[in-house]
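Student: Any chance you can model this:
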Amino acid sequence: MEEQGQMLKSRTRTLEDQEYKDSHEQEVQQEMLLGIANQTCIL
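Tutor: Next up is the predicted model:
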């Protein structure tokens, strides 16, 4: 039973990491889009 608990813990951790990575990538993409929009506004 102990090993099963450890596996579940590591699995949820990787899921959380994946969600964090996904949200971070979305933020980066939004910042890039905002930067492009700002450049076109300046021009």
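
Student: and residue 24, what helix or strand is that in?
Tutor: If you go by DSSP states H and E, residue 24 is part of helix 2-42.

Student: and that helix, how far from the chain's centre?
Tutor: Centroid displacement of helix 2-42 relative to its chain, using C-alpha atoms, centre = their mean, to the nearest Å, is 0 Å.

Student: What average pLDDT does it get?
Tutor: Taken as a whole, helix 2-42 carries a mean pLDDT of 84.

Student: for that helix, packing partners?
Tutor: Using 3 or more C-beta pairs under 8 Å, 6 or more residues apart in numbering; DSSP states H and E as the contact test, no helix or strand touches helix 2-42. Placement of C-beta: from N, CA and C, glycine included.

Student: how close does residue 8 sit to residue 37?
Tutor: As for residue 8, its distance to residue 37 is 43 Å (criterion: C-beta to C-beta, to the nearest Å).

Student: swap that for residue 7, please
Tutor: 45 Å.

Student: Residue 26 too?
Tutor: For residue 26, the distance to residue 37 (C-beta to C-beta) stands at 16 Å.

Student: Also residue 5?
Tutor: 48 Å.
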